[in-house]
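1. sequence first, then the predicted structure:
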Amino acid sequence: MMLNDALAILLSAGISFILRAVVFDKIARFYDGSDVFWSAPVGVVYLCWFILAFLLVARRYGLYSPVPLGSGAHELRLTVQACLSAGLLLCGGLYMTHGQSVSRVLVILLVVCAAIVLSVRRAIWRVSRYRQYARGIELRNVVILGTNHLSSALGQHIDKEYRYGYSLCGFISLKRPDSPSVEIQRDQILGGIDRIRQLTRLHFIDEIVIAEPCSTDDAIRLVEEARELDIDVRAISGYYSELTANAPIEYLGIFPVVSLHRRAPRTVALFCKRIVDIALSLAALAAVAPLMAAIAVAIKLNSPGDIFYVSERIGKRGRVFPCFKFRTMVKNAEKLKKDLAALNERDGILFKVSNDPRITGIGRFLRKYKLDELPQFFNVLRGEMSIVGPRPPIASEVAKYDLEHFRRLEVLPGLTGLWQVQARQDSSFAKYIALDTAYVEN
């Protein structure tokens, strides 16, 4: 999001330059007598300051919040407001640094063009986001605390309208989970309030919404636990006025809510990590393109079958994605795996056989030097993986996970991680999980 906004502002700068040069040139000369544009080093500094100012203001307005904004019109209003605020900060910077050489007409055009381009980008992004929501991608997992009539109405409201960007995981009972509820079906109740920690790990919960009043002490304990688990907590407006005296009213669909706890956004950190991933993967693909072409020809000549092996892997928050590798085994390798179970050298869930008979001649060479994983740079470009992170597991491994193992699925999987660097020869699954968890937490 931040990168896209920065690129949109750069596009706006180009448009404003063309408008000034072609349309407003005579007016600009008459008005301020300036012919200096952003091409000068000082102009680039002012442009960077405008971009930084917009990103900071937009973040302050919640435009990069993981919580979906109420409506498109509200989002566009905040976008225009952020552009105007950034424009004022730009004018302040020009005044403080005595930047008389910069055209005032150009500044006005930049702010206006940025507001238009960013608004259009946001509108297009919202439409594409709706399409993702319709396919069940990037939804926020929500559980509702309560089993009363209001809880049922809120759950039905969230569940029937995918455009809100929420996925209802179920309900948490304030009473005994097996006690009868008139409003909520028993199979929709995930458990009691004492199982928050387990449910968060198991369902990758992003937010808890309190729809049935509980005591203030219970709400405070819930917030403290949510802070440890890094999840959001909101409550129906009016429930805890003593805890939310200065909290603004938000909307979950049509239901007014207030925030009791909101996890600290990691927008800047994730933005920087994504930039590094894109830059390194593009550089790597450009550097090894001839090598990858040679590998593809060698695989095709060595054994029958496809060049690439596409495996369905489990990524961040349990999302399934196609993981690309060069094929290193015979065509029916998966069918032969069951016959080799007795030769497995790893304990627990992991599977590895040193002299695996399924591996082809060229495949053994590729695996020895890790060349079979080069196509995964495409997964990094697609945003499904990162350069560094836990290795993506297959579905059969995740099905055997204990509760604490799901911690490693809270971040993007990577090409390499702590286990690959520090303990690759250690066959212990416990060590594998411990190092991945250390990466996630730090």
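-> Okay, I see it.
2. so for Val45, what pLDDT did the model give?
-> pLDDT recorded at Val45 is 82.
3. wasn't it part of a strand?
-> No. Using DSSP: H, G, I helix; E, B strand; the rest coil, the secondary structure at Val45 is helix, not a strand.
4. Ile193: neighbour count?
-> 18 (other C-beta atoms under 10 Å). Placement of C-beta: from N, CA and C, glycine included.
5. list the contacts of the residue lying closest to Leu412 once chain neighbours are set aside.
-> Nearest residue to Leu412, sequence neighbours excluded (C-beta to C-beta, 6 or more residues apart in numbering): Ser386, at 4.2 Å. By C-beta atoms under 8 Å, 6 or more residues apart in numbering, the contact set of Ser386 is Lys273, Asp277, Val380, Val411, Leu412, Pro413, Gly414, Leu415.
6. ok, Leu55 next?
-> Per C-beta under 8 Å, 6+ apart, neighbours of Leu55: Met2, Asp5, Ala6.
7. at 6 Å what do you get?
-> Met2 (C-beta atoms under 6 Å, 6 or more residues apart in numbering).
8. can we start the residue count at 31 from this point?
-> Got it, the first residue is 31 from now on, which makes the last one we talked about Leu85.
9. what about it, distance to Tyr76?
-> 15 Å (C-beta to C-beta, to the nearest Å).
10. re earlier: for the residue nearest to Leu442, give me phi and psi.
-> phi -130, psi 170 (degrees, to the nearest 10).
11. swap in the one 5 residues further on?
-> The phi/psi pair for Arg421 (degrees, to the nearest 10) reads phi -70, psi 140.
12. I'd like the distance between it and Ser158.
-> The value you get for Arg421 to Ser158, if C-beta to C-beta is used, is 30 Å.
13. one more: Phe338?
-> Phe338 is 27 Å from Ser158, by C-beta to C-beta.
14. any idea which helix or strand carries Gly200?
-> Assigned by DSSP states H and E, Gly200 belongs to strand 196-203.
15. next: Leu86.
-> Assigned by DSSP H and E, Leu86 falls in helix 71-90.
16. mind giving me the packing neighbours of the helix or strand that that helix is followed by?
-> Downstream of helix 71-90, the first helix or strand assigned by DSSP H and E is helix 102-126. Packing partners of helix 102-126 (3 or more C-beta pairs under 6 Å, 6 or more residues apart in numbering; DSSP states H and E): helix 71-90, helix 134-164.
17. what would those look like in a markdown table with distance to Arg397?
-> Shown next, in a markdown table, are those (distance: least, C-beta to C-beta, whole Å):
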| stretch | distance to Arg397 |
| --- | --- |
| helix 71-90 | 43 |
| helix 134-164 | 35 |
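18. mean pLDDT lowest for which of those?
-> Minimum mean pLDDT among the helices and strands packed on helix 102-126: helix 71-90, a mean of 83.
19. give me the distance from that helix to the chain's centre.
-> 24 Å (C-alpha atoms, centre = their mean, to the nearest Å).
20. pLDDT on stretch 421-428, on average?
-> Here the average pLDDT along stretch 421-428 is 87.
21. end-to-end on that stretch?
-> 12 Å (C-alpha to C-alpha, to the nearest Å).
22. for the closest residue to Thr246 other than its chain neighbours, helix, strand, or coil?
-> Among residues not flanking Thr246 along the chain, Tyr270 sits closest, at 6.4 Å (C-beta to C-beta, 6+ apart). Here Tyr270 is recorded as coil under three-state DSSP.
23. count of residues packed around Tyr270?
-> Tyr270 has 20 nearby residues by other C-beta under 10 Å.
24. repeat for Leu252
-> Residues near Leu252, counting by other C-beta under 10 Å: 21.
25. residues contacting the residue lying closest to it once chain neighbours are set aside?
-> The shortest distance from Leu252 to any non-neighbouring residue, by C-beta to C-beta, 6+ apart, is to Val263 (6.3 Å). Residues near Val263 by C-beta under 6 Å, 6+ apart: Ile238, Val253, Ala256, Leu290, His291.
26. the same query, at a cut-off of 8 Å, please.
-> Contacts of Val263 (C-beta under 8 Å, 6+ apart): Glu237, Ile238, Val239, Ile240, Leu252, Val253, Ala256, Ser289, Leu290, His291.
27. ranking the residues you listed by neighbours, who comes first?
-> Ile238 (27 neighbours).
28. wasn't that one part of a strand?
-> Yes. Applying three-state DSSP, one finds Ile238 inside a strand.
29. quick one: contacts of stretch 322-342?
-> By C-beta under 8 Å, 6+ apart, the list of residues contacting stretch 322-342 reads 315, 350-361, 390-393, 396, 401, 404-405, 424-425.
30. cool, and stretch 187-201?
-> Counting by C-beta under 8 Å, 6+ apart, 98, 159-160, 163-164, 166, 168-177, 181, 185, 214, 218-220, 229, 233, 235, 237, 282-285 sit against stretch 187-201.
31. among the residues you listed, which ones are buried?
-> 98, 159, 163, 169-177, 181, 185, 214, 218-220, 229, 233, 235, 237, 282, 285 (16 or more other C-beta atoms under 10 Å).
32. inside strands: which ones of those?
-> Arg170, Asn171, Val172, Val173, Ile174, Leu175, Ile219, Leu220, Glu237, Leu282, Phe285 (DSSP state E).
33. lovely, talk soon.
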